[in-house]
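Student: Predicted model, plus sequence, below.
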Amino acid sequence: MPLWIFRISAILGMPFLVYIFISQDYPNIMLALLCGLIIVAAEHFVRSIKFISMMVGIFGAIAGYTIYVLCDYTVSKMNILDISNYWDAYKTMFAGVLTVLGGLISIGRVSELEGINKKGHHIKIVDMSALLDGRIVDLCETGFFEGTIVLPQFVIDKLNSLISSKDPLEKARGRRGLDTITRLKELKVIPVKTTSRNRKEGNDIENLLSITQYFNGKLITTDFNVNKAAVLKDIPILNISDLTTALKPIVLPGESMSVFIMKEGKESSQGIGYLDDGTMVVIEEGRKWIGKRTEVFVSSILQTSTGRMIFSKIKQYQD
């Protein structure tokens, strides 16, 4: 609340003070209103933008003021009375407008310094769960993902912090994530960029959603919580786990397939094998074929909360 009082006071107070103590001319009052807006905009940008954006904005403001100086010099050299009189009457306003406009345009183009020239759904923001998963490299390599892969800097920093952890498991996870980044950057089929854009407040999920909304892109993840939060905000999601589930081979009762039987099941006569996607296959009378690949006949399919289980029998028993 105090912040809004300050903003309203700056916008309305500046013209009021100029009207009472300095001048009642319309241009001067409008200039004071512009100054109030500049103060409010400056306060907002200082709170919300990165240091690099601020420096670029200052450079843009200087460039805008330089344009004003060149225009002022040109008008003075033209020596046309009507133009000179008009310019002299409003030159202060022109100086303010060009300076502010230069700063705002420069801040709006900061993303180009990061190598991201255009916003849109071709931008794919990658979170830490997708980097730790690693399958994103294969998906990019095979052409399932196109556009530009964007890696938030805070995600990279978090992976680096995992490497310095004393926990061997955390250290291994950090190395895996950084290895995925290295492999992504080595790909020739899709550009990989890094953005340092970040919110000062909020958790990692909120930061990811904010970055995705800023670039109007899509978020690549395998994290259920990130997926759920993005859906609530209508942010496009590319969930690698959902893609894997959708691409599981369709197996119907009555079909036959080849399975390598790895171990025995709960029952003494059962054997256990797995499909390439990790689906468990329970083979009746399959214990004697442990360690061998054999043809099986699908008898039934059970869908559970953790995935599918396929029950089958050795095919030669059905012939």
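Tutor: Done, it's in.
Student: Distance of the residue nearest to the spatial centre of the chain relative to Lys228?
Tutor: Nearest to the mean C-alpha position of the chain, by CA atoms, centre = their mean, lies Ile125 at 3.2 Å. Applying CB to CB, to the nearest Å, the value for Ile125 to Lys228 is 16 Å. No exception for glycine: its C-beta is placed from N, CA and C like everyone else's.
Student: now swap in Gly273 and tell me
Tutor: For Gly273 relative to Lys228 (CB to CB), the value is 34 Å.
Student: Neighbour count for the two, which is higher?
Tutor: The neighbour comparison of Gly273 against Lys228 (other CB atoms under 10 Å) goes to Gly273, with 25 against 11.
Student: Can I get the host helix or strand of that one in PDB? Just the C-alpha atoms.
Tutor: Using DSSP states H and E, Gly273 sits within strand 271-274. Taking C-alpha atoms only, strand 271-274 is exported to PDB below (Å, rounded to 0.1, in the frame of the first residue of the first chain):
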ATOM      1  CA  GLY A 271       9.500 -65.900 -15.200                       C
ATOM      2  CA  ILE A 272       9.900 -62.100 -15.400                       C
ATOM      3  CA  GLY A 273      11.000 -60.100 -18.400                       C
ATOM      4  CA  TYR A 274      10.800 -56.500 -19.500                       C
END
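Student: Which elements pack onto the helix or strand following that strand?
Tutor: Toward the C-terminus, strand 271-274 is succeeded by strand 280-284 as the next helix or strand (DSSP H and E). Judged by 3 or more CB pairs under 8 Å, 6 or more residues apart in numbering; DSSP states H and E, strand 280-284 is in contact with strand 256-264, strand 271-274, strand 293-304, strand 307-314.
Student: So what angle separates the directions of strand 280-284 and strand 307-314?
Tutor: Counting by axes from the mean of the first three to the mean of the last three CA atoms, to 10 degrees, strand 280-284 points 30 degrees away from the direction of strand 307-314.
Student: Now do strand 280-284: distance to the chain's middle.
Tutor: Centroid separation for strand 280-284 versus its chain: 42 Å, with CA atoms, centre = their mean, to the nearest Å.
Student: residues making contact with it?
Tutor: With contact meaning CB atoms under 8 Å, 6 or more residues apart in numbering, strand 280-284 is reached by 259, 261, 265, 269-275, 289, 296, 299, 307-314.
Student: redo that, cut-off 7 Å
Tutor: The contact list for strand 280-284, computed with CB atoms under 7 Å, 6 or more residues apart in numbering, reads 259, 261, 265, 269-275, 296, 309-314.
Student: and that strand, which strands flank it?
Tutor: Paired neighbours of strand 280-284 in the sheet (DSSP bridges): strand 271-274 (antiparallel), strand 307-314 (parallel).
Student: Those: lowest mean pLDDT?
Tutor: For these, mean pLDDT drops lowest on strand 307-314, to a mean of 82.
Student: Going by neighbour count, which residues in that one are buried?
Tutor: Under the neighbour-count criterion of 16 or more other CB atoms under 10 Å, strand 307-314 has Arg308, Ile310, Phe311, Ser312, Lys313, Ile314 buried.
Student: Settle this for me: the second one is touching Val296, isn't it.
Tutor: It refers to Ile310. No. Using CB atoms under 7 Å, Ile310 is not in contact with Val296; the gap is 8.7 Å.
Student: Can you give me the neighbour number for Gly60?
Tutor: For Gly60, the count of nearby residues is 22 (other CB under 10 Å).
Student: any idea how far it lies from Val298?
Tutor: Gly60 is 66 Å from Val298, where distance means CB to CB.
Student: where does the stretch 101-250 of the chain dip in pLDDT?
Tutor: 107-118, 199-202, 248-249 (pLDDT under 70).
Student: where along it do the strands fall?
Tutor: Assignment of strands within the stretch 101-250 of the chain using DSSP state E, counting those that start in this stretch yields the ranges 123-126, 148-152, 192-195, 218-221, 237-239.
Student: Sounds good, over and out.
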